[in-house]
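# I'd like to go over a predicted model; first the sequence, then the structure.
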Amino acid sequence: MFAGEIRRKRVQSMRSFTQWRWHLDEVFVRINGKRHDLWRAVDQQGEILESFVTKPREKAAALKFLKKAMRRHGPFKAIVTDGLKSYNAALRDLNPVGKQETGRWLNNRAENSHLPLRQRERAMQRFRQMKTLQKLSSVHAAVHNPFCQDRHLISREKYKAQPSAALVK
C-alpha cells in the first residue's frame with residue numbers, strides 16, 4: 001500500500017510532461033531454471049517508469065509492454081533502445097510520434113537500472129515464480145525512485161529532506 005501510493009502520486013505529476021526520453025531494455029532472469037525476460041522503461045532522469053515480465057522475447061511482448069507504459073505515462077518524445085528487432089516491429093505497429101534512437105552507449109541508463117534488482121535477486125537466492133518477480137520489480141521501482149536520488153545534483157539540506165518529503169507527498 002505504501003509503495004503504490006507513492007507511485008500513483010509520482011505518475012500523476014509526470015503525465016503532464018510530454019518531453020520525456022525513454023530508455024528501454026530487457027534483461028534475462030531465470031525462474032526455476034527457465035529463462036524469462038524483464039522489460040524495463042527508464043526516463044531521462046533514471047527513474048524506472050515500468051517493469052514487465054514475459055516468457056517469450058518477441059514482438060507481441062514488446063508491443064504489450066510499450067502499450068502498457070504509454071497508457072500509464074503518456075507519450076514520449078524520443079525512445080532509446082538497444083539493437084533488439086522486437087522494438088522496431090512493435091514501434092512500427094504503434095506509429096509513434098517520437099523517434100527511436102539506437103546507439104552503442106545510449107542505453108546505459110536502462111542497463112544500470114538493472115543493477116539494484118540484480119542485487120536483490122542474489123539476496124533472495126533467485127526467484128521462484130513469475131508473479132513474485134513482477135511484484136518485486138514494480139514495488140522496487142516505486143520505492144527506489146523517490147528514495148534514491150542523485151546525490152551529486154543537489155545540496156545536502158535538500159538531500160536530507162527528500163525521504164521525509166517523499167512520505168508526505
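Received the coordinates, thanks. Numbering: from 1, shown residues only.

# distance between the helix or strand hosting Arg118 and the chain's centre?
Assigned by DSSP states H and E, Arg118 falls within helix 115-123. When C-alpha coordinates are averaged (C-alpha atoms, centre = their mean, to the nearest Å), helix 115-123 and its chain have centres 15 Å apart.

# One more: stretch 86-103?
17 Å.

# next one: stretch 73-85
Chain-centre distance of stretch 73-85: 12 Å, with C-alpha atoms, centre = their mean.

# got the buried residues for that stretch?
Buried residues in stretch 73-85, counted by 16 or more other C-beta atoms under 10 Å: 73, 76, 79-82. C-beta here means a position set from N, CA and C on the backbone, and glycine is covered the same way.

# quick check: mean pLDDT across it?
Averaged across stretch 73-85, pLDDT comes to 85.

# that's a strand at Trp22, yeah?
Yes - the assignment for Trp22 is a strand, going by DSSP: H, G, I helix; E, B strand; the rest coil.

# From Gly4, how far out is it?
22 Å (C-beta to C-beta, to the nearest Å).

# Of these two, give the one with the bigger neighbour count.
Neighbour count, other C-beta atoms under 10 Å: between Trp22 and Gly4, Trp22 has more, with 25 against 11.

# If that one is in a bridge, with which residues?
Ile79 (DSSP bridges).

# Asn88: how many residues sit nearby?
For Asn88, the neighbour count with other C-beta under 10 Å is 14.

# where in the chain is pLDDT low?
Along the chain, segments meeting pLDDT under 70 span 1-3, 6-7, 10-19, 96-98, 122, 140-154, 162-169.

# Please enumerate the strands of it.
Under the criterion DSSP state E, the chain contains strands at 21-31, 34-42, 48-54, 78-81, 99-102.

# possible to save those strands as a markdown table with distance to Arg156?
Putting the strands of the chain into a markdown table (distance: least, C-beta to C-beta, whole Å) gives the following:
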| stretch | distance to Arg156 |
| --- | --- |
| strand 21-31 | 29 |
| strand 34-42 | 26 |
| strand 48-54 | 25 |
| strand 78-81 | 32 |
| strand 99-102 | 35 |
